[in-house]
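Asks: give the three-dimensional model of this entry:
(one chain, ligands or ions: 2)
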Amino acid sequence: MPKKVKNTTFPSPFDLIAPLSCRGCGTIGTALCNRCKNYIISNHTAICPNCKEPIINAKCQKCINLPPTYIIGERQDLIGTLIHDYKYNSIRALAKPLAEILDEILPPFKSPTIIVPLPTISKHIRLRGLDHTLLIAKHLSKLRNSECSQALVRAHDTVQVGTDHKTRAKQAQNAYTIANRFIPNPEASYLLLDDVWTTGASMLSANKKLRATGVNHTTIAVLALSRIN
Ligand SMILES: [Zn+2]
Ligand SMILES: [Zn+2]
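Replies: Ligands and ions are numbered 1, 2, ... in the order given. This is a model prediction of the structure:
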């Protein structure tokens, strides 16, 4: 079966000029300047990733089974560029500003809140030289003075090749498993973190797996919503 390989080596035009320049305005010396970061924060719109309707207090009136969900925005414009450069061009310096944006958007944590990054395929970590979701989770846990737990692990190191909801949902069902050493805290709140919501299959499966261990409170945080289908 032919493998679907994403182009991970094509540099952004900014990289050809200066390795560290703001992805939004080109200001030298920072991967994302404060002005562009604040622009993203002030333009943040609360939408339900599942039905794409506006939501209040992170809860969708229609999708009642979805845990409270926070998304920075659509995967386009500057957010799209940031995710692309962070993930595919391995611009590690973007992890901190992305965590800072999440820190601004997320409400105060109920104590204790444990951040759980969705695990990345190990082949991708090797290729990119960074575990992008874990790195953001670590920065966010520092900012919020909360624990970061790799409660979920990849059951299979496979890529989701299908683009339709049904195919991805089926693949996602078995993508994650609970780490052997994980001990659930039924009193704690768990913040599931991922970079992109496409069909939501990965996130919903991760949420289900975590809750099945005895976890009672989960919240979802995703950098961007991608509308491919
Ligand atoms: Zn800028
Ligand atoms: Zn909804």
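
Asks: just checking, what's the longest helix in the protein?
Replies: Ranked by residue count, the top helix of the chain under DSSP state H comes out as helix 132-144.

Asks: give the other helices and strands that that one contacts.
Replies: For helix 132-144, the helices and strands in contact under the criterion 3 or more Cβ pairs under 8 Å, 6 or more residues apart in numbering; DSSP states H and E are helix 95-105, strand 113-117, strand 147-148, strand 189-197. C-beta: built from backbone N, CA, C; applies to glycine.

Asks: next, the buried residues of that helix.
Replies: Neighbour-count burial for helix 132-144, counted by 16 or more other Cβ atoms under 10 Å, picks out 132, 133, 134, 135, 136, 137, 138, 139, 140, 141, 144.

Asks: what is the nearest of the residues you listed to residue 202?
Replies: For residue 202, the closest of the buried residues of helix 132-144 turns out to be residue 133, at 10.9 Å, with distances computed as Cβ to Cβ.

Asks: does that closest one touch residue 195 like I think?
Replies: Yes: with contact defined as Cβ atoms under 8 Å, residue 133 and residue 195 form a contacting pair (5.7 Å).

Asks: what does this structure have sitting close to ligand 2?
Replies: Contacts of the chain with ligand 2, taken as Cβ under 5 Å from the ion, map to 48, 50, 51, 60, 62, 63.

Asks: which of those are buried, as a PyMOL select command?
Replies: To isolate the buried members of those in PyMOL, using 16+ other Cβ under 10 Å:
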select buried, resi 48+50+60+63
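
Asks: next helix or strand past the helix or strand of the chain with the lowest mean pLDDT?
Replies: Of the helices and strands making up the chain, the lowest-confidence element is helix 13-17, at a mean of 53, by mean pLDDT, DSSP states H and E. Elements were assigned by DSSP states H and E; along the chain past helix 13-17, the next helix or strand is helix 34-42.
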